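Colleague: take this sequence and fold it.
(one chain, ligands or ions: 1)
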Amino acid sequence: MPLMTPEAYKASLRDGRTVYYRGEKIEDVTAHSVIGTAVDHAAIDYEMAHDPPKPEDRDLALVDGPGGPCSRYYHIPRNADDLLKRSALIERATALGGTLVVLIKEIGTDALFALHLIAEYMDKNQGTAYLPRVRKFYEHCRDNDLAIAVAQTDVKGDRGKGPADQNHPDYYVRVVSEDSEGITLRGAKVHTSVSTNAHEIIVLPTRNMGEGDAAWAVACAVPANAPGLTMIASGYGRKGNEFEYPISAKHKMMETLTIFEDVKVPWERVFMNGEAAMAGPLAKTFVEYHRFTAISYKLPLVDLFVGASHLMAEYNGILRAGHIRDKLAKLISYAEILRGMTREAAREFKMVGDIAVPNTEIVNIAKLHFATGYHQALAWVQDIAGGLLVTGPTKEDMDDPRLGELVGKYLGGAGGVSAEDRLRLMNLIAEITATDFGGYQAVLAIHAEGSIEAEKMTIWREHDVKPSADYAKWLANIK
Ligand SMILES: Cc1cc2nc3c(=O)[nH]c(=O)nc-3n(C[C@H](O)[C@H](O)[C@H](O)COP(=O)(O)OP(=O)(O)OC[C@H]3O[C@@H](n4cnc5c(N)ncnc54)[C@H](O)[C@@H]3O)c2cc1C
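Modeller: Alright, predicted model coming up:
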């Protein structure tokens, strides 16, 4: 069972895929100044298995597969320990990725676990035969150590209307025809992360659907270089220097508008085709795994809020101030509540068939806690750091002997901290709070893995309110 090396991973992406960046067709994504950064970032998952920074990273990254070691991401969780280790792997890979999730196997396996569960349910209850196809595709990805993107979010047009009621039929990806070989897919998905540097793209429905929406109830897998598939990459991103952009100079995730113009998908890669009533459950089951991935990958970022703010308070000589300690205590609580809930969601898993699913209610509460607290946390970090976050001298100034000396003289910090170290820390905090990368992280916090309202709805639906309502009745003497 071959594990891919980082070099083999990069070489495998030169496969004739159709990717555009700022209007230009990119022939080799690995060589492009911005998308290439995303490729290098994604290679972390392969490096952890081959040439890890710490020996224990390899143990975390790999498990025994049927034919030898395989990526832990592909290990189907069977108990709390499996979920805890999966979460620890995601956290570690994200920490190595400068707080940016790597995602090339996380999201795809979230989808594969959900497809296993839903296919099994449909095959048992509706007489379909999807599970063998899901299993075969899963084994193909696992055994070839593939990178997978998930295209779930449709462009959606009028959010108040379902697929069949839209102004034109392609606001949701749909099946336009089928024949003895398979289906033909048309439409567009949006915000598809890591698609420029994945081997496979799993297409999933994004919402509940009614009987009239059968043509849009589709799940399948498409190779990233499939004829008819066009990816228009987001314009965000630039090649920056490591002094001013310590994270984004090396780390990047790429999203695309992912357009399916009559893409042929053979039957063996079709996992849902017209079962409209199951579109919602598939979307929901994927998202429950994916939000567990989310709360796991947020941990390095919230840790960085704490560590960088504490260090900056030290550098600025304000660590003893009451209001600073108040903000640091709140930042610590913000981070540790998230960590505690992530672990608890794994420990309080439930078995569906023979697959362990993280506790849905806890996952959603954790994600809601993270998303709704994010901008407040940013405000505390920015408040502690000060205005130099956006007004500091540049690398060119530091490299100039006379200007560098002046900056060194005037911008030092408390206890003899050098101007250079203070600016390096300032630039790191600016990256996560005040640059385009900080803005990207903020939007990621609010929208990725589903909206805040979706999290609230899930909490409302999942919580068993009866015991607390009964308690209120008992205290109020209501019979
Ligand atoms: C950086 C990033 C990476 C992402 N990666 C992926 C990915 O890899 N794959 C993928 O499939 N998706 C991905 N997403 C998509 C993500 O799941 C969506 O952004 C999210 O579900 C919100 O959808 P939207 O962006 O279309 O916003 P909208 O759905 O337009 O939401 C905007 C607002 O409208 C509200 N709203 C929407 N519909 C209704 C309604 N019917 N009634 C009332 N209110 C409504 C929402 O609650 C929200 O407040 C990513 C998003 C981001 C930002």
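
Colleague: and Asp15, how far is that from Glu24?
Modeller: Separation of Asp15 from Glu24 (C-beta to C-beta, to the nearest Å): 18 Å. The C-beta positions use only the backbone N, C-alpha and C, and glycine is treated the same way.

Colleague: sorry, slip of the keys, the one I care about is Val34.
Modeller: With C-beta to C-beta as the criterion, Val34 and Glu24 are 11 Å apart.

Colleague: so if I had to pick from the two, which one is more boxed in?
Modeller: More neighbours surround Val34 than the other of Val34 and Glu24, with 21 against 10 (other C-beta atoms under 10 Å).

Colleague: helix/strand/coil for the residue nearest to that one when sequence neighbours are not counted?
Modeller: Leaving aside its chain neighbours, Val34 sits nearest to Gly237 (4.2 Å; criterion: C-beta to C-beta, 6 or more residues apart in numbering). The three-state assignment at Gly237 reads coil, by DSSP: H, G, I helix; E, B strand; the rest coil.

Colleague: my read: Gly237 touches His32, true?
Modeller: No. Checked against C-beta atoms under 8 Å, the pair Gly237 and His32 is beyond contact range at 10.0 Å.

Colleague: ok, Asp45 to Leu60 distance?
Modeller: Taking C-beta to C-beta, one finds Asp45 at 11 Å from Leu60.

Colleague: so those two - more neighbours on which side?
Modeller: More crowded of Asp45 and Leu60, by other C-beta under 10 Å: Asp45, with 25 against 20.

Colleague: how about the residues of the protein by the ligand?
Modeller: Counting by C-beta under 6 Å from any ligand atom, the positions of the chain adjacent to the ligand are 107, 150-153, 156, 159-160, 189, 191-193, 255, 443-444, 447-451, 453.

Colleague: run the last query once more with 8 Å
Modeller: Taking C-beta under 8 Å from any ligand atom as the criterion, the chain approaches the ligand at residues 103, 107, 149-153, 155-156, 159-160, 189-195, 204, 206, 253, 255, 440, 443-444, 446-454.

Colleague: can I have the buried ones of these as a PyMOL selection?
Modeller: In PyMOL, this line selects whichever of these come out buried by 16 or more other C-beta atoms under 10 Å:
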select buried, resi 103+107+149+150+151+152+153+155+156+189+190+191+192+193+194+195+204+206+253+255+440+444+448+449+450+454
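
Colleague: just the ones of the residues of the chain next to the ligand in strands?
Modeller: Ala149, Val150, Ala151, Lys189, Val190, His191, Thr192, Ser193, Glu255 (DSSP state E).

Colleague: put together a markdown table for those residues, with distance to Tyr74 on each row.
Modeller: Supplementary listing: those in a markdown table, determined by distance: C-beta to C-beta, whole Å:
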| residue | distance to Tyr74 |
| --- | --- |
| Ala149 | 16 |
| Val150 | 15 |
| Ala151 | 20 |
| Lys189 | 23 |
| Val190 | 27 |
| His191 | 24 |
| Thr192 | 21 |
| Ser193 | 19 |
| Glu255 | 24 |
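
Colleague: give the contact list for the residue in the stretch 201-350 of the chain that the ligand sits nearest to.
Modeller: Nearest residue of the stretch 201-350 of the chain to the ligand: Glu255, at 5.4 Å (C-beta to the nearest ligand atom). Neighbouring residues of Glu255 by C-beta atoms under 8 Å, 6 or more residues apart in numbering: His191, Thr192, Ser193, Ser195, Ala233, Ser234.

Colleague: which residues in the stretch 101-250 of the chain form strands?
Modeller: Per DSSP state E, counting those that start in this stretch, the stretch 101-250 of the chain carries strands over the ranges 148-151, 174-178, 182-193, 200-203, 218-223, 229-233.

Colleague: pull the CA atoms of the second one into CSV?
Modeller: The one in question is strand 174-178. Only the C-alpha atoms of strand 174-178 are listed here, as CSV (Å, rounded to 0.1, in the frame of the first residue of the first chain):
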residue,chain,number,x,y,z
ARG,A,174,-27.8,18.7,-10.5
VAL,A,175,-28.0,15.6,-12.7
VAL,A,176,-28.9,16.6,-16.2
SER,A,177,-29.0,13.1,-17.7
GLU,A,178,-28.0,9.5,-17.1
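
Colleague: what residues does that strand touch?
Modeller: For strand 174-178, using C-beta under 8 Å, 6+ apart, the contacting residues are Pro163, Ile183, Thr184, Leu185, Arg186, Gly187, Ala215, Trp216, Val218, Asp262, Asn273, Gly274.

Colleague: how about Pro300: what's its closest non-neighbour residue?
Modeller: Spatial nearest neighbour of Pro300, excluding adjacent residues (C-beta to C-beta, 6+ apart): Ala95 at 4.1 Å.

Colleague: helix or strand: which one has the one you found?
Modeller: Ala95 belongs to helix 80-96 when assigned by DSSP states H and E.

Colleague: list the buried residues for that helix?
Modeller: Neighbour-count burial for helix 80-96, counted by 16+ other C-beta under 10 Å, picks out 80, 82-96.

Colleague: equivalent analysis for stretch 250-263, please.
Modeller: Buried, per 16+ other C-beta under 10 Å, within stretch 250-263: His251, Lys252, Met253, Met254, Glu255, Thr256, Leu257, Thr258, Ile259, Phe260, Val263.

Colleague: tell me the average confidence for that stretch?
Modeller: For stretch 250-263, mean pLDDT is 97.

Colleague: convert the C-alpha atoms of it to PDB, please.
Modeller: Extracted C-alpha coordinates of stretch 250-263, given in PDB (Å, rounded to 0.1, in the frame of the first residue of the first chain):
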ATOM      1  CA  LYS A 250       4.500  29.900   3.900                       C
ATOM      2  CA  HIS A 251       0.900  28.800   4.500                       C
ATOM      3  CA  LYS A 252      -2.200  29.200   2.400                       C
ATOM      4  CA  MET A 253      -5.500  27.400   1.700                       C
ATOM      5  CA  MET A 254      -7.100  27.800  -1.700                       C
ATOM      6  CA  GLU A 255     -10.800  28.000  -2.400                       C
ATOM      7  CA  THR A 256     -12.500  27.800  -5.800                       C
ATOM      8  CA  LEU A 257     -15.700  28.400  -7.600                       C
ATOM      9  CA  THR A 258     -16.000  24.800  -8.800                       C
ATOM     10  CA  ILE A 259     -18.000  24.600 -12.000                       C
ATOM     11  CA  PHE A 260     -19.300  21.300 -13.500                       C
ATOM     12  CA  GLU A 261     -20.100  21.800 -17.100                       C
ATOM     13  CA  ASP A 262     -21.600  18.400 -18.100                       C
ATOM     14  CA  VAL A 263     -19.100  16.400 -16.200                       C
END
